[in-house]
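1. this is the structure alone, sequence omitted:
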């Protein structure tokens, strides 16, 4: 009961049980537990939500029988619950978006990505998952823009590194936390570092395949040249633009980390 009340408050839904619904229709009032305690990880607290999860699972099996099962597959109830929340509890929209996401994971080879397979791109230092969580308990993905050179580096390898690091960050989510923090270090940014095509890829990855996993984006110490770049960047970010905060390294140190946990890129 305590867990249900906390989830209800966090999602700003009424604490009382929702009225019975027609299982063939969706309702934004449904309460889905996406992350519970370690003992009940991924369970649902609403009978109506459970019905919708089962409906999506059955529909995926019927319409997309060739999709894989198991973790992140068509029968993964936690993943189904998450996509239901993203699609405002529409069964049709959830099936459509989730089936595309599963197919993408297969085609991109997400399960085959390893540290060794992305080593060349990783060793550039352009991006990494921080060893510590931020003060809000979120895993942290750091991007160092000045180390990205699209004209000299392999785009496919960069995309693989991106997905590998997103997966790594999500694997560090503690119970009760659903989002990751992305910090983009813009100090030293030059025109040759700009890569709008890759930015579009990154936004599409979060929007289509990892919906609602991006909690906030910090753009740190943007140089003057970024003012004109932002006019192009902002539309590419679509609905994620509202998650952006411009700040300096001192803000990162003081508001998001402790003295012991701040990423090395922002210690001074």
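-> Ah, there it is. Note that the coordinates shown come from a computational prediction; the quantities given were computed from them, not determined experimentally. Numbers count the residues shown, from 1 in each chain.

2. ok, the most centrally placed residue in the chain - contacts?
-> By C-alpha atoms, centre = their mean, the chain has its centre lying nearest to residue 213, at 2.7 Å. By C-beta atoms under 8 Å, 6 or more residues apart in numbering, the contact list for residue 213 reads 166, 170, 178, 179, 180, 206. From N, CA and C alone the C-beta is placed, and that goes for glycine too.

3. kindly report the same for residue 164.
-> 113, 114, 115, 117, 118.

4. of these, which is the most crowded?
-> Among the contacts of residue 164, residue 118 has the most neighbours (other C-beta atoms under 10 Å), with 20 neighbours.

5. tell me which residues touch that residue, please.
-> Going by C-beta under 8 Å, 6+ apart, residue 118 touches 157, 160, 161, 164.

6. narrow the contacts of residue 164 to those in strands?
-> The strands, defined by DSSP state E, take in nothing from those.

7. where do the strands sit along this protein?
-> Along the chain, counting by DSSP E, strands occupy 127-129, 140-144, 180-185, 214-220, 244-247.

8. in CSV: these, plus mean neighbour count and mean pLDDT.
-> Formatted as CSV, those follow (neighbours: other C-beta atoms under 10 Å; pLDDT from 0 to 100):
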stretch, mean neighbour count, mean pLDDT
strand 127-129, 20, 98
strand 140-144, 23, 98
strand 180-185, 24, 98
strand 214-220, 20, 97
strand 244-247, 15, 97
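
9. is it possible to get CSV of those that adds distance to residue 201?
-> Formatted as CSV, those follow (distance: least, C-beta to C-beta, whole Å):
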stretch, distance to residue 201
strand 127-129, 13
strand 140-144, 13
strand 180-185, 14
strand 214-220, 14
strand 244-247, 18
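
10. and residue 62, which of those is closest to it?
-> Closest to residue 62 of those is strand 214-220 (C-beta to C-beta; 31.7 Å).

11. between the closest one and strand 140-144, how many degrees?
-> Counting by axes from the mean of the first three to the mean of the last three C-alpha atoms, to 10 degrees, strand 214-220 lies at 30 degrees to strand 140-144.

12. in its sheet, what does strand 214-220 sit against?
-> Its sheet considered, strand 214-220 pairs with strand 180-185 (parallel), strand 244-247 (parallel) by DSSP bridges.

13. of those strands, which is nearest residue 153?
-> For the strands paired with strand 214-220, proximity to residue 153 was assessed by C-beta to C-beta; strand 180-185 is nearest, at 17.1 Å.

14. run through who's touching that closest one.
-> Here strand 180-185 makes contact (C-beta under 8 Å, 6+ apart) with 134, 136, 138-146, 166, 169-170, 173, 213-221, 252, 256, 263, 265-266.

15. 6 Å instead, please
-> With C-beta atoms under 6 Å, 6 or more residues apart in numbering as the test, strand 180-185 has contacts from 134, 138-144, 169, 215-220, 265.
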